[in-house]
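K.L.:
build me a model:
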Amino acid sequence: MLGQVERGGVRLTLTRRDGSGRPLLIVPGVMADAAGWQPVVDALGAAGAVYVLNRRGREPSGPLGPGYSLRTEIEDVELVLDEVAAAEGADQGVDLFGWSFGGLLALEVAARRPAAVRSLTLYEPVVRPFGRAALAALAEADATGDLDRAVEIVNRDVSGFSAEYVEELRRSPVWEVLKPLAAPLARELAALDEHLVDLRTFDSLDLPVTLLLGAVNEGLAPYGEVFAEFTAALPRARVVLMPGQGHLAHAQDPGALARHLDEALKEAREAAAPSAAGSGSRADGARSGPAPGATRTTARRGSGGTGSGGSGSTGRGAVALVTRAAVRPDSARQAVRRPARGGVRAERPNAARQRRSGRHRRGGRSHFALPLRPSSVRSRRRSAWSRWSGFPEARAIPVSAANMSVALMSERIVPALAPAAMSAVSASSISSRLCA
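P.N.:
Reported below is the predicted structural model:
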């Protein structure tokens, strides 16, 4: 069983879930490791083996090393991809998934290894100048070894959380867990900012591509705005808006994210089947996916998109076509959706904004074990979640290690939390709660 590879003297470790069929390789972002993605792996219905890479800079993999750059990371993922393909059967290829920082790595590798990658799914990928405003402060903290300061910067200047939230986080046991995860952050974000890439060059990718966006981030900085750059550069990609989710669906609702990923893999296989039957190979120049004039968007309001346990609210699935205007970076919030056949009512252009402001409420279970205190709302990103505070179901969810960690990392820290409940928060349950 493939559990690690070595490149240039640096060990790269992987976790593996057994399976039979085409394998899936998951590439996490910064402030994350394989343990933090295990809940998603456990919830996946994919039949093939599932690998999660522990990128360099996080244990038990080796350090970033001298001469570190984004090219270093890309070549790491390339090697891992080749090893996974060889271990599982090179003829069937590999499905590739990347989140945030890992999303850009996955995109680059898919372009360099088109024969090995059968499908590509990216969840809110980032690209320069993401986090640029925080680079100087992060470099100073890194030079002095001040991990406390690094955790503060990633919360305040990168993720945009309030000073009150950061102080509450500092007083919690979570802070000590986050400090080692922040150790490679300065060099990782500096490498991202130095990596020159024209996203438009990836439009030539001849494989099914799915882009996942949390509806809470739609049109908002930092993740929603950079996502619009990817949709503009990949107009033929299938774009999925995940209701009720933000940048941390793998932590807040791993079951829902797993279902979206399963659907992306299923769509890719179904799209490839007619092409293979008609031409006998993938090299016929025909690319699966929507027509060049529109991007296909799937929003499943009743498929586990809401709810702390992934149960979601009862509702009809909606499949719509988004006009090309919707993928322009300056119009991400003005997307006009035309419903496909099935009689699903079209969403008003400003409905997403109403949902973010709290004027539009959906039924269903809250994502959070603890309700938001209205007085603590200080920023647009925090106010985007304020609508959930009115749901009594939030108080009925048992406080377990899993949902407590989500509450802590989702701006829901309450000073009166019982010490016993706080001690239930483990490193593995919160290792991927922040940033990219």
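
K.L.:
show me where the stretch 101-250 of the chain has its helices.
P.N.:
101-112, 135-144, 147-153, 163-170, 174-181, 185-194, 223-233, 249-252 (DSSP state H, counting those that start in this stretch).

K.L.:
closest to M1 out of those?
P.N.:
helix 101-112 (22.2 Å; CB to CB). All C-beta spots, glycine's among them, are computed from the backbone N, C-alpha and C.

K.L.:
so for the closest one, what gets flagged as buried?
P.N.:
Neighbour counts using 16 or more other CB atoms under 10 Å place 101-111 of helix 101-112 among the buried residues.

K.L.:
what is the orientation angle of it with helix 223-233?
P.N.:
Relative orientation of helix 101-112 versus helix 223-233 (axes from the mean of the first three to the mean of the last three CA atoms, to 10 degrees): 10 degrees.

K.L.:
start at 6 instead
P.N.:
Sure thing, new numbering starts at 6, so read that last one as helix 106-117.

K.L.:
show me what helix 106-117 is packed against.
P.N.:
With contacts taken as 3 or more CB pairs under 8 Å, 6 or more residues apart in numbering; DSSP states H and E, helix 106-117 sits against strand 29-32, helix 75-93, strand 99-104, strand 122-128, helix 190-199.

K.L.:
got the helices of the stretch 106-255 of the chain as TSV, with distance to V214 and mean pLDDT columns?
P.N.:
Output for the helices of the stretch 106-255 of the chain, formatted as TSV (distance: least, CB to CB, whole Å; pLDDT from 0 to 100):
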stretch	distance to V214	mean pLDDT
helix 106-117	8	97
helix 140-149	29	95
helix 152-158	33	93
helix 168-175	35	89
helix 179-186	29	83
helix 190-199	21	96
helix 228-238	10	95
helix 254-257	19	89
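
K.L.:
reformat these as JSON lines; add distance to H265.
P.N.:
JSON lines is the format used below for these (distance: least, CB to CB, whole Å):
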{"stretch": "helix 106-117", "distance to H265": "14"}
{"stretch": "helix 140-149", "distance to H265": "31"}
{"stretch": "helix 152-158", "distance to H265": "29"}
{"stretch": "helix 168-175", "distance to H265": "28"}
{"stretch": "helix 179-186", "distance to H265": "25"}
{"stretch": "helix 190-199", "distance to H265": "25"}
{"stretch": "helix 228-238", "distance to H265": "15"}
{"stretch": "helix 254-257", "distance to H265": "8"}
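
K.L.:
P71: which of those helices is closest?
P.N.:
helix 190-199 (10.7 Å).

K.L.:
can you check the pLDDT for the residue nearest to P44 when sequence neighbours are not counted?
P.N.:
Nearest in space to P44, with sequence neighbours left out and distances taken as CB to CB, 6 or more residues apart in numbering, is P259 at 3.7 Å. Per-residue pLDDT puts P259 at 97.

K.L.:
burial count for P259?
P.N.:
Counted with other CB atoms under 10 Å, the neighbours of P259 add up to 23.

K.L.:
among the helices of the stretch 106-255 of the chain, which is nearest G70?
P.N.:
Once the helices of the stretch 106-255 of the chain are compared by CB to CB, helix 190-199 is nearest, at 9.9 Å.

K.L.:
just want the angle from the closest one to helix 75-93.
P.N.:
100 degrees.

K.L.:
how about CSV for the buried residues of helix 106-117, with distance to F235 added?
P.N.:
Below are the buried residues of helix 106-117 laid out as CSV (distance: CB to CB, whole Å):
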residue, distance to F235
F106, 13
G107, 14
G108, 8
L109, 9
L110, 14
A111, 12
L112, 8
E113, 13
V114, 15
A115, 13
A116, 13
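
K.L.:
which of the residues you listed lies closest to P185?
P.N.:
Within the buried residues of helix 106-117, proximity to P185 (CB to CB) peaks at F106, which comes in at 17.3 Å.

K.L.:
let's have the helices and strands packed on helix 106-117 in JSON lines, adding mean neighbour count and distance to E234.
P.N.:
JSON lines is the format used below for the helices and strands packed on helix 106-117 (neighbours: other CB atoms under 10 Å; distance: least, CB to CB, whole Å):
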{"stretch": "strand 29-32", "mean neighbour count": "27", "distance to E234": "19"}
{"stretch": "helix 75-93", "mean neighbour count": "20", "distance to E234": "17"}
{"stretch": "strand 99-104", "mean neighbour count": "27", "distance to E234": "15"}
{"stretch": "strand 122-128", "mean neighbour count": "26", "distance to E234": "12"}
{"stretch": "helix 190-199", "mean neighbour count": "21", "distance to E234": "14"}
